[in-house]
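Student: all I have is the shape, not the residue letters:
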């Protein structure tokens, strides 16, 4: 029983930590890698950005330079 509770606590803590990385008011999708860039948008202001390896980019055009896409 203690193991199950510990596992549940770790899962909940991990999900809270993962959402805490986002800016307030933004929802994000993607893993944040070149294979799956993370796209974040603010539903109130329509402001958006891309994130790859912890770096934020204003437009998807910058991802081509960083990820080496052609």
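Tutor: Looks like it arrived, so ask away. Just so we're clear, the structure is a prediction, and the values are computed from it rather than from any experiment.

Student: quick one: low-confidence parts of this structure?
Tutor: For the chain, the stretches with pLDDT under 70 are 1-22, 70.

Student: give me phi/psi at residue 56?
Tutor: phi -100, psi 140 (degrees, to the nearest 10).

Student: isn't it up against residue 48?
Tutor: No. In this structure, residue 56 is not within contact of residue 48 by CB atoms under 8 Å, at 10.5 Å. For glycine as for every other residue, the C-beta is placed from the backbone atoms N, C-alpha and C.

Student: stretch 55-65: end-to-end distance?
Tutor: 13 Å (CA to CA, to the nearest Å).

Student: go on, stretch 53-68?
Tutor: 14 Å.

Student: what lies in contact with it?
Tutor: By CB atoms under 8 Å, 6 or more residues apart in numbering, the surrounding residues in contact with stretch 53-68 are 32-34, 37, 49-52, 69-70.

Student: wait, a helix at residue 65?
Tutor: Yes. Membership of residue 65 in a helix is supported by DSSP: H, G, I helix; E, B strand; the rest coil.
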